[in-house]
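In: Please find the sequence and the predicted model below.
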Amino acid sequence: MRSTFESSRDGFVATVTVASVVLLGAFGGLLLIVGLTRPAPLGVRIVSSGSGIMCLGILVGTWLFCPRRFCLTAHEIVVERPAGDVAIALASVRGVELLDPRFSVTWRTFGSGGLFGVFGTFFSGTLGTLQVYGRRSRGGVLLRTDGDNVVLRPDDPEAFVREVSAALGRGAGRAPANPRA
């Protein structure tokens with residue numbers, strides 16, 4: 001058994017991504033070019049080049065950890081990312097719930113809040129600390145696991161809940177969670 005669920009960018013994530021790539025890319029590229037080509041004291045060139053590399057590094061690093069899709073296998077849910085996948089063992093999942101489509105996390109503690117997606121560690125007043133993976137800014141599926149609460153944001157959250165519920169042997173008849181973050 002293997003099911004794949006895509007995660008596409010919504011309008012918010014697409015806007016933040018385009019704006020960030022343009023601004024960080026242009027600013028980082030300009031700083032790098034200035035630092036490498038303009039005659040200036042060595043310290044100024046190092047700071048300029050280093051700042052340019054940091055801007056471009058933010059873009060590359062964020063892209064590497066952005067979730068692309070979710071795969072459900074017989075034993076785990078896999079979050080596929082360019083820099084390495086994240087596996088959530090089905091044996092650790094204690095519940096799966098459809099989140100209200102308006103649900104969005106409140107506080108980002110470490111992660112991306114829109115550049116290439118919304119992923120990382122977040123805090124919600126109603127759900128506590130969450131690991132979030134997706135390229136959408138709202139809604140999703142809440143997995144209650146032995147460790148963390150995990151929010152996944154596939155394009156078709158209803159189908160994802162049905163498949164995970166069936167894999168857990170619990171059926172798909174769960175009431176949707178309606179937290180207000």
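Out: Nice, thanks for sending it over. Residues are numbered from 1 along each chain as shown.
In: Any idea which residue is closest to the centre of the chain?
Out: For the chain, the residue sitting closest to the mean C-alpha position, by Cα atoms, centre = their mean, is residue 119 at 2.3 Å.
In: Tell me if residue 165 really is in a strand.
Out: No - using DSSP: H, G, I helix; E, B strand; the rest coil, the assignment for residue 165 is helix, not a strand.
In: any idea how far it lies from residue 108?
Out: As judged by Cβ to Cβ, to the nearest Å, residue 165 and residue 108 stand 29 Å apart. All C-beta spots, glycine's among them, are computed from the backbone N, C-alpha and C.
In: I'd assumed residue 34 was in contact with residue 48.
Out: Yes - contact status for residue 48 versus residue 34: in contact at 5.2 Å, counting by Cβ atoms under 8 Å.
In: who has more neighbours, those two?
Out: Ranked by neighbour count (other Cβ atoms under 10 Å), residue 48 and residue 34 place residue 48 first, with 19 against 16.
In: Not counting residues beside it along the chain, what's closest to the more buried one?
Out: Spatial nearest neighbour of residue 48, chain neighbours left out: residue 35 (3.3 Å); criterion: Cβ to Cβ, 6 or more residues apart in numbering.
In: Point out where this protein drops to low pLDDT.
Out: 1, 170-181 (pLDDT under 70).
In: for it, what's the longest helix?
Out: Ranked by residue count and defined by DSSP state H, the top helix of the chain is helix 11-37.
In: From the contact counts, what lies against that helix?
Out: Under the contact criterion of 3 or more Cβ pairs under 8 Å, 6 or more residues apart in numbering; DSSP states H and E, helix 11-37 touches helix 42-64.
In: buried sites along the helix it packs on?
Out: Judged by neighbour count using 16 or more other Cβ atoms under 10 Å, the buried positions of helix 42-64 are 45, 48, 49, 51, 52, 55, 56, 59, 62, 63.
In: thinking again about what came up before, now the angle from the longest helix of the chain to helix 42-64?
Out: Computed by axes from the mean of the first three to the mean of the last three Cα atoms, to 10 degrees, the angle separating helix 11-37 from helix 42-64 equals 150 degrees.
In: Helix, strand, or coil at the residue nearest to residue 122 when sequence neighbours are not counted?
Out: Closest residue in space to residue 122, ignoring its immediate chain neighbours: residue 105 at 3.9 Å, by Cβ to Cβ, 6+ apart. At residue 105 the chain is in coil, as set by three-state DSSP.
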